[in-house]
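Visitor: Any chance you could fold what I've pasted below:
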Amino acid sequence: MPKVAEILIARGEGFVTEVTGEVMLLFGGFAGDRHFSLTRASCSRTPWHPRGTPIANTRQISIVSVEECALVAAAMGVSRIYPSWLGANLATKNIAELSTLPPSTRIIFPSGATLFITEENVPCKHPGKVIAQEYGHPELAGEFVKAALHRRGLLALVEREGLINTDDRLRLVIPRRRAE
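Guide: The predicted structure is shown next:
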């Protein structure tokens, strides 16, 4: 049964998130998270818009799985990678291939709160720097992007508000695919 392993919040200016037991999921994201917003400025991930243009925030929530974190750690030759080091907001367990869930998948919590998956979270260099610093091995910074490809998790926006808690059971609603 898929469950919430950790709920994490970015409270300050840094990249690393911190664990909290529960959070109110609001239309702008996690209450109290520094990424909370209905909109964001376009950036290198959205080159079809001039940089800095206000656009919908489809990256409100970063989701990883503890299983994929373990795979990335093994690929990098380290003992563990914590979801907080990846800047994650939600860590799941018992979803071994989380990153392969298609866009438009819904993750529904017992309160009815719902996340709508927008896209795979493509690895970037920031978590690699954190991992390298935590282990005291600068060479690890460059290894993260390759090790985390298709294992970095997903991005989501809030479809329905509600309270979410650590250990909540999750229901996945995966969209039907068209017949090919």
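Visitor: Next, name the residue at the spatial heart of the protein.
Guide: By C-alpha atoms, centre = their mean, the chain has its centre lying nearest to residue 62, at 2.0 Å.
Visitor: So in that sheet, which strands flank the host helix or strand of it, and in what orientation?
Guide: Per DSSP states H and E: residue 62 is located in strand 61-65. The pairing partners recorded for strand 61-65 under DSSP bridges are strand 90-93 (parallel), strand 154-160 (antiparallel).
Visitor: Any stretches of this protein with poor pLDDT?
Guide: 179-180 (pLDDT under 70).
Visitor: so where do the strands sit in it?
Guide: Ranges of strands in the chain, per DSSP state E, are 3-9, 18-20, 22-26, 29-30, 39-41, 54-56, 61-65, 90-93, 106-108, 114-120, 154-160, 162-165, 171-173.
Visitor: for the fifth one, packing partners?
Guide: Spelled out, that is strand 39-41. With contacts taken as 3 or more C-beta pairs under 8 Å, 6 or more residues apart in numbering; DSSP states H and E, strand 39-41 sits against strand 54-56. The way it works is simple: take the backbone N, C-alpha and C, and place the C-beta from them, glycine included.
Visitor: hang on, the earlier thing: the strands paired with strand 61-65: which one's closest to residue 103?
Guide: Closest to residue 103 of those is strand 154-160 (C-beta to C-beta; 8.5 Å).
Visitor: Any figure for the gap between the residue nearest to residue 28 when sequence neighbours are not counted and residue 57?
Guide: Of all residues not flanking residue 28 in the chain, residue 36 sits nearest, at 4.6 Å (C-beta to C-beta, 6 or more residues apart in numbering). Per C-beta to C-beta, to the nearest Å, residue 36 is found 9 Å from residue 57.
Visitor: before we move on, what about residue 167?
Guide: Taking C-beta to C-beta as the measure, residue 167 and residue 57 are separated by 27 Å.
Visitor: between the two, who's got more neighbours?
Guide: Counted by other C-beta atoms under 10 Å, residue 167 and residue 57 do not tie: residue 57 has more neighbours, with 21 against 11.
Visitor: burial count for residue 12?
Guide: Residues near residue 12, counting by other C-beta under 10 Å, number 10.
Visitor: Perfect, I'm done here.
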